[in-house]
Every structure is written in C-alpha cells, then in structure tokens.
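Asker: this is a predicted model, with the sequence first.
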Amino acid sequence: MKHWLASTALALALALPAVPAAAADYTPDPNAKPGGAITVTYKDDVATLDPAIGYDWQNWSMIKALFDRLMDYVPGTTELRPGLAESYDVSPDGTVFTFHLHHGVKFTNGRELTAEDVKYSLDRVTNPKTQSPGAGFFSSIKGYEEVAAGKADSLAGVTVVDPYTVKIELSHPDATILHVMALNFSSVVPKEAVDKWGTDFGHHPVGSGAFMMTDWTIGQHVILEKNPDYWRKGVPYLDKITFEIGQEPIVALLRLQKGEIDIPGDGIPPAKFTEVMKNPDEAKDVVKGQQLATTYVTMNVEMKPFDNVKVRQAVNMAINKDRIIQIINGRAVPANQPLPPEMPGYAKDYKGYAYDPAKAKDLLKEAGLADGFSTELYVMNTDPNPRIAQAIQQDLAQVGIKVAIKSLEQANVIAAGGTPKTAPMIWSGGMAWIADFPDPSDFYGPILGCAGAVQGGWNWSWYCNKELDAEAKAADAMTAPDQQQARNAKWAEIFTKIMADAPWVPIFNEERFTMKSPRMGGADALYVDPVSIPINYDYVYVKE
Amino acid sequence: MLAYLARRLVQAALILLGVAFVTFALLYILPADPVRQIAGRAATAQTVANIRHQLGLDQPFLVQFWRYLTHLLQGDMGRSYMQKTEVATLIAARMPATLLLMLGAIGCELALGLTMGVIAALKRGTGVDQGLMIVSFVGVSAPQFVVGLLLLYVFAVQLGWFPIGGYGSFRHLVLPSITLGILGAGWYSRMMRSSMIDVLRQDFIRTARAKGLARRRIILRHALPNAILPIIAMIGIDIGVFMGGIVVVESVYGWPGIGQLAFQAIQRVDIPIIMGVTLVSACAIVLGNLLADLIAPFIDPRIKLR
C-alpha cells in the first residue's frame, strides 16, 4: 500500500509540474564495484528476446536488461520510477499522460532514441501482425480498437509532440497506464533494426538498455555485455552475463555447488529443496522472497449449491491450508484474500476465514445441507496438483462434502473454467494468477469481475457483482498522484467485500527461492526482485 | 541396381508422407492449444482469434495439412510459433551437435561392443563370458535417462573426470556418447560373440591353426575381419535407434542438438518445430536403412539387391 507511486505523490497534483526524476530512486550500494562476469543457467532455449513477444519467466528479465521503457521500478521493489521519461504530466481528468524523455539516450546501434521511437514501438506492439501476447494491455489507449481490428496502423492516442515529448491519450481514466508503460511490452525498439531483421528481431535485439546482446548460439548460450553508453550512470556493474542453455535444474545445482555457475535460473529442483535448506552452508546463499501470485479454489456461483453464500463460506472454513502448504515443502504462506501480501491494496488487517470444520458444518446445516452434498473439483494433472486436490477432498469429506477429482490436461481445465456451468470447483495450481504488474486492478477485472465471467474467460467462479464493478472502475479513475493512498484503500475494501461473498478459497501465496553463488553481491531484494525474475541484472555485482 | 534404388526412394517418400500425416494428425487432436500458448493469458478473445487466423489454425485439418505439405515441398518448414524463427534454421544450427554425438556413439558402441563380443567368444562358457553377457543385457535394458544421470553423477560430479554436461570439447562428448552408445554396445557384443564363434568353427581357421600360426594372428588377421562384416552393415540401422535416444540423452547432458530442440518444442506445443524434427529424424532413419541395405551386398556377396 505504501509503495504505490509514493514517489509521484511527492509532486503536487493538478497544477502538475513535471514529476522530477530524482523523487524516488535507488540508493546505490556503497560496496558495489564494477567489473566481473557471471553465469546463469537455464534448461530451455531462450524463446525470443523481442520485447513485444517475450512473455515467460526466462526472457522477461533478459528483455528488461536489454531495453528501456518510459517507466521503470525502483530495483527490488514494486515502486514505480521514471525510466526513459525523466518526468511526466497527467491531465486533471486523468486521460492524457505527457512524457518528457531524457535527452541523449542512445540505442546500442548508436542512434539517439526519440519520441518517434516510443510511438513506433507502441504502434508495433498493438499491431495484430506482431502477434504480441501483451497487446491487450494497451486497450485503454485511444485508437486501440481500430489498430486491433486491423483498420489502422497507428494508435490515434499516441502523438509525438516534439522529439523529446510524447503524449498518450486514453479513452477513459486509467491509473494503471503507468504500470503498463513499465511492462516489457512497452519497450522502445529502433525501427531500422526491426525492419532489418523482420521476425528474427527476437534473435538480434537492439535496445537502449543496460546490456546488449553480443552472442546467441542456438541451444548453447546467450551472452549479454555491458552497454558502455548506458544513460543511467554507474550501472550496470557486471561486464558480462553468460546464459548457458540446456542445463537440467539438478545439473545446474550440482554445478553451483562446485562453483562453476552463479545463478541456476530455473531455481532449486523441488526434490533437492529440503536437502539444500537443511544445509546451513547452502541455505545461506538462498534468498527467499514473495511472488505476486495467489493460488486458490474457485466455486462456481452459478451452480448449485455454490449459489448459496453460506456453502461457499463453509468451504472456506473447511480447508486446512497449512497442510496443503506442507505438500509443497512449505514453499508458500497461507492466503486469506485474493491479493498477495506484497501487492499494494493488500488488506493487512483482514483476517479471512479461519480453519474451523465445526463451524463449517453449522453453516452447511443453515444452508439446508446438513447431510452434505456431492461435487467435482477440476485440477491440472501435473504434480503436486493432484496431491493437493486429494488433501482438499479429505478436508471437505470431514464436513460431509463428497468431492470427485477431475484431473485433466491444463488446457482442458482452462476450457472447463471458461465454459458456463461446467466446473463446480477448480484448484488453480499450475495456472495460478501471477501479476503482470504490481497493481491490484490486475487481480480483479479478468478473474473476479464481470468482464472475465464470459465464455473463454478466466473468472472461473463466474462471480459478477455489478456494484463492485462500478467501484473498481471508480478506483481506476483515480489517476492523480495524491489519490493513490485512497485508491489502494478502495481496492482493499473491494477485495474484502469479495471475500464476504466468498467466491474463492484463497489457499496460498507461493514464495520464491533464488540460489546464488557466494561471490554474488548486492541487496537480497535484488535477488527476489518482484518484476525481474530471477534477479535484477542491472544492479547485482560480484564481490571478488 | 538403379531400378532397385528408384523403387526404394519412392518407398521412402511414401513412408515420409505417412509419418508427416500421422504426426500432423496427432498434433491436431492434442488437447493443448498452441494459440493460447502464444497469446498468453492477458489476451482478449479477439487477439486469440486473430493469431489463430494468422497461423491458419482456424482452417479444417486437411487444408492445414495440404498447406504444410506444399510449403514443405518448396523447402519451407515454416516458422516456430514461439521463436518466430525459420524451423530449418533452428534445425540446421543444432544438426552438427547431433551428428557429432551420433559419431561418438557409433565409436563407443563399436569399441565397447566388439571388444566385449570378441572376449566373450574367446572365453566362451566361462565366468568372463557370462559376466560380459550380463553387462550387455543391462546395457540393452537400462533406460537411458537412468544411465545418463548415473554416469553424470559418478564420473562428472564425484570423480570430476568429465564436465557436468555441456558442449564444446572432446571431454564433453565422452559421457553422452557412452550413454547413447551403450544400448548398441549391448547388441553388438552379443552379435559379435555369435559371429565370432561361427567364424572360429570354420575350416579356414582350422587350417590356419594347423599351419601353426600364432593364436593372436589367427584371431586378429583371420577371424576378426570375417566376423566383423555383418556388424558393420548394422550401423545404418543404428541411426534410427539413435534418433529415439537423442531426445533423452541430449536433455540429460544439455547437449545442443535436435533432440533437445524437440523436447522443448513439445513442452511449448510448437508444432512447426515438432513436425520439422520428426521429419528430419524420419529421413535419417529411412536413409540409414537404405544405406545398410546398399552396403550389404558389398560385404556379403551372397546378398543380392532385388
């Protein structure tokens, strides 16, 4: 809550002087020193380094390091800070954002980055021909519909005022647009490089980021080297990052133990997790952090008996979350609401439904279901999800609910969830909602709002509360920097109201564990950076 | 000979067509939706429909297959859904690694298999013979990922003789070659043993012995070359066996070949890559078998190509 735009809150609203870049920033680590090279391993080949396309854990942070966006986050936090835009203004009605670019920022091909490039990049990512999985994030920009429908090549709402000023007009006030401008999909790319490489741009990325790609040998390695002309002074510290590809997580761990690599990108293999954490020598090199994700059970409010709020509340009380967390080696904390704890808008004082089977039975009795009922729980068929479903099945049997487990391929579970009156209950493990950007609205619209309760949607509980939809819209219209505290409070209230209706049983928030070699330096937060997974390459360094 | 070759090539083309059809059909009925994978979960229904249309996945199955086939005949294997790169480029970039690994495996299976077979034949009926045959039995039956992880753990992690996976030098090649070749070594040792036993019973060996030649000379100059010939003819067929093994072995050792490419493509439902690797492997198998048949008459004149 306290993080969100704390920086911009410093700027006085409405009169709106340009927001100074120095308002919130990162305090450089006094021990950090430049130089050195690290090795990171991954099992799978890098899919692409095209920022309009890349959308997986592996390439997300590489793309972050190669490109820049108008907005950025303070390293290791969910706090926005200006990126390529040294400042920005918001119109009083919250629909026009004007960004003022840094002067003298250069792409690694030597050309200066200007407002034209920003416009080109936004036009490119929204163009259907690009096939960007992130195109939908830009839907609040004026002219998006025309571009998405293929009727226009350029977003009418994005205009180049002068070489260092770009104006973005929205069709409705949207406080999340600053986060959207910090997404990888908003990365600024040089037109000439995209034209030169065409669809192979993803293998020949050119950006203005802290690093530049110098070699990509398919199936073997990707090498990033320091951009000597990077516009942020003093960073990055590392000279070189080598991503070695094709290493099984278990092999990566063995190599880390022998000191051959620095970061196993795929994490600690589950089978080895307990062993590593029990060994103090190794556990000291493991950094634990939160993940902006919640895993939950949905109950379809359009299907009997889940149309009765008492039944939904009873299920909330009947599931023992601690026992489920044991199944995944304790790599999570119990959840009591849809938002994960690190998310702005998280209701800290809300206690949720405590585990209380006796009370759950009473509620079922009140609902006229003293003898329980039979239902189905859909679950993705990869470990540990079926085992977790069994735990839920046992818990619910205690209160008289007989659950049949339907364990299916991921795509089939998603399809069932998005089909009306098909799946009474779904365990979301393996398909859990992970935030694209640290803002509470990302956890409402698609998964709990009316917009998501459609054929093919992600609102698997089919919960549609028109009043809350209106409140959510009002919250997102609060774009002024000084309204952000109030906006987060509003979101906390919305999610608390949702929990009173109990369409979900929030089960846990998974934690992240990043293991690193002892020679890696930098604050722990950089190793569990909420937006750069696994680590923030721009700010970490090597000690020796 | 030419007529035979022509007939075999036509057969090969039909086999490849069949492989392409079956693979394409299997991928078509797969419950996983590649468009969803590309579009990501933030995609609107419009984005999903748009991508499906651009990839032609909204067309009926036969139309999709026909289009794939006509492009293929023009040498176009399509582009990867996820990487957007030409499939031919991706396969070509990884082919050298796979060929090197196969060469290593052939070397390994011949060295191990022939040595074991000869020794077993010479020590027939003894404990050495039985011991070697048990080893060959284990080699034939052990799953490759188990052998791979075991070798990796003992020789790379514990003893440190070889690097823990990776690519680039002879030392990197040793363990993957053994893992891939151990199956063939098992077969070869048994074939070599019986072939050698056969040859040792022949009259010309008795003659050689009667002449008073040294045992060493009899085995190396007279018996071995004759016993080894039928085995050399089998190498072509091995290529097919290897094609199945490389997916596992390359994944265990992080070997950047086409097996690893296939493994990753399967996880991402990247249909053009899966099709490409399957067809290239099928080609290799068909050509390998053809080669084995063509070599056979040169090795054993009693075989005639018809």
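Answerer: Structure received.

Asker: where does the prediction get shaky in chain A?
Answerer: Low-confidence segments of chain A, defined by pLDDT under 70, are located at A:1-24.

Asker: who's in contact with residue B:188?
Answerer: By CB atoms under 8 Å, 6 or more residues apart in numbering or on different chains, the contact list for residue B:188 reads B:109-110, B:112-114, B:116-117, B:231, B:234. To be clear about C-beta, it is placed using only N, CA and C from the backbone, and glycine gets the same treatment.

Asker: and those residues, which two are the farthest apart?
Answerer: The most widely separated members of those, counting by CB to CB, are B:116 and B:234 (15.5 Å).

Asker: which ChimeraX command selects the buried ones in the contacts of residue B:188?
Answerer: Filtering those down to the buried ones (16 or more other CB atoms under 10 Å in any protein chain shown) takes a single ChimeraX command:
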select /B:109,110,112,113,114,116,117,231,234
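
Asker: restricted to strands, list the contacts of residue B:188.
Answerer: Among the contacts of residue B:188, no member falls in strands (DSSP state E).

Asker: among the contacts of residue B:188, which are in reach of chain A?
Answerer: For chain A, no contacts are drawn from the contacts of residue B:188 by CB under 8 Å from any CB of the partner chain.

Asker: how about the contacts of residue B:188 in CSV, adding pLDDT?
Answerer: Shown next, in CSV, are the contacts of residue B:188 (pLDDT from 0 to 100):
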residue, pLDDT
B:109, 88
B:110, 88
B:112, 90
B:113, 89
B:114, 87
B:116, 90
B:117, 88
B:231, 78
B:234, 77
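
Asker: ok, for residue 235, nearest residue in space, not its chain neighbours?
Answerer: Using chain A. Nearest non-adjacent residue to residue A:235, counting by CB to CB, 6 or more residues apart in numbering or on different chains: residue A:538, 5.2 Å away.

Asker: let me rephrase: I mean chain B.
Answerer: Nearest to residue B:235 is residue B:106, by CB to CB, 6+ apart, at 6.1 Å.

Asker: three-state assignment of the residue of the stretch 51-200 of chain A found nearest chain B?
Answerer: Taking CB to the nearest CB, chain B has its nearest neighbour within the stretch 51-200 of chain A at residue A:133, 3.1 Å off. Three-state assignment for residue A:133 (DSSP: H, G, I helix; E, B strand; the rest coil): coil.

Asker: the domain parsing of the chain - what is it?
Answerer: Defaulting to chain A. As given by automatic domain parsing, the domain ranges for chain A are A:6-28+A:68-196, A:31-42+A:209-285+A:516-544, A:293-511.

Asker: chain B, not that one
Answerer: B:2-73, B:93-299.

Asker: what residues are up against residue 94?
Answerer: Because you didn't say which chain, this covers chain A. Contact analysis of residue A:94 by CB under 8 Å, 6+ apart lists A:170, A:173-175, A:477-480.

Asker: hmm, I had chain B in mind actually
Answerer: Applying CB under 8 Å, 6+ apart to residue B:94 gives the contacts A:218-219, B:256-258, B:260-261.

Asker: near chain B, which residues of the stretch 51-200 of chain A show up?
Answerer: A:53, A:55, A:128-129, A:131, A:133-137, A:139, A:148-149, A:199-200.

Asker: mind redoing it with 6 Å?
Answerer: Counting by CB under 6 Å from any CB of the partner chain, the stretch 51-200 of chain A comes close to chain B at A:55, A:128, A:131, A:133, A:135-136, A:199.

Asker: what would the contacts of residue A:94 look like in a markdown table with neighbour count?
Answerer: Formatted as a markdown table, the contacts of residue A:94 follow (neighbours: other CB atoms under 10 Å in any protein chain shown):
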| residue | neighbour count |
| --- | --- |
| A:170 | 21 |
| A:173 | 20 |
| A:174 | 21 |
| A:175 | 22 |
| A:477 | 17 |
| A:478 | 18 |
| A:479 | 25 |
| A:480 | 24 |
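
Asker: circling back: count of residues packed around the residue nearest to residue A:235?
Answerer: Residue A:538 has 24 neighbouring residues, counting by other CB atoms under 10 Å in any protein chain shown.

Asker: picking up where we left off before, how far away is the residue of the stretch 51-200 of chain A closest to chain B from residue A:511?
Answerer: For residue A:133, the distance to residue A:511 equals 26 Å [CB to CB, to the nearest Å].

Asker: ok, residue B:186 - how many residues close by?
Answerer: Neighbour number of residue B:186 under other CB under 10 Å is 23.

Asker: run through the residues that contact the nearest residue to residue A:385 once chain neighbours are set aside.
Answerer: Using CB to CB, 6+ apart and skipping the chain neighbours, the partner closest in space to residue A:385 is residue A:429 (4.3 Å). Residue A:429 sits next to A:295, A:385, A:388 when contact means CB atoms under 6 Å, 6 or more residues apart in numbering or on different chains.

Asker: go through the residues you listed and flag which are in strands.
Answerer: Among those, the members found in strands (DSSP E) are residue A:295.

Asker: quick one: the contacts of residue A:429 as TSV, columns for neighbour count too.
Answerer: TSV is the format used below for the contacts of residue A:429 (neighbours: other CB under 10 Å):
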residue	neighbour count
A:295	25
A:385	23
A:388	24
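
Asker: just the contacts of residue A:429 now: which is nearest chain B?
Answerer: Closest approach between the contacts of residue A:429 and chain B, by CB to the nearest CB: residue A:295, at 14.6 Å.

Asker: tell me how far that closest one lies from residue A:431.
Answerer: 9 Å.

Asker: what do you get for residue B:126?
Answerer: Relative to residue A:431, and taking CB to CB, residue B:126 is found at 61 Å.

Asker: when the two are compared, which one has more neighbours?
Answerer: Between residue B:126 and residue A:431, residue A:431 has the larger neighbour count (other CB under 10 Å), namely 20 against 11.

Asker: does the more buried one count as helix, strand or coil?
Answerer: Per three-state DSSP, residue A:431 ends up coil.

Asker: give me phi/psi at it?
Answerer: With angles defined as degrees, to the nearest 10, residue A:431 sits at phi -130, psi 20.

Asker: tell me if residue A:215 really is in a helix.
Answerer: No - counting by three-state DSSP, residue A:215 is not part of a helix but strand.

Asker: run a quick neighbour tally on it.
Answerer: Neighbours of residue A:215 (other CB under 10 Å): 11.

Asker: also residue A:409?
Answerer: 14.

Asker: please apply the same query to residue B:239.
Answerer: Residue B:239: 20 neighbours (other CB under 10 Å).

Asker: and the one 4 residues further on, by the same measure?
Answerer: Neighbour count of residue B:243, defined by other CB under 10 Å: 23.

Asker: can you tell me how far the closest residue to it other than its chain neighbours is from residue A:62?
Answerer: In this structure, residue B:243 finds its nearest non-sequential neighbour in residue B:281, 4.2 Å apart by CB to CB, 6+ apart. Distance of residue B:281 to residue A:62, given as CB to CB: 31 Å.

Asker: and if you look at residue A:249?
Answerer: With CB to CB as the criterion, residue A:249 and residue A:62 are 18 Å apart.

Asker: do residue A:523 as well
Answerer: Distance of residue A:523 to residue A:62, computed by CB to CB: 21 Å.

Asker: more neighbours, those two?
Answerer: residue A:62 (28 against 17).

Asker: in terms of helices and strands, where is that one?
Answerer: helix A:57-66 (DSSP states H and E).

Asker: downstream neighbour of that helix in the secondary structure list?
Answerer: strand A:71-73.

Asker: sheet-wise, list the partners of the following helix or strand past that following strand with their directions.
Answerer: Counting by DSSP H and E, the next helix or strand C-terminal to strand A:71-73 is strand A:80-82. Strands that pair with strand A:80-82, judged by DSSP bridges, come out as strand A:71-73 (antiparallel).

Asker: now the partner strand: how far from the chain's centre is it?
Answerer: 14 Å (CA atoms, centre = their mean, to the nearest Å).

Asker: and the contacts of it?
Answerer: So strand A:71-73 is contacted by A:80-81, A:83, A:178, A:181-182, A:531 (CB under 6 Å, 6+ apart).
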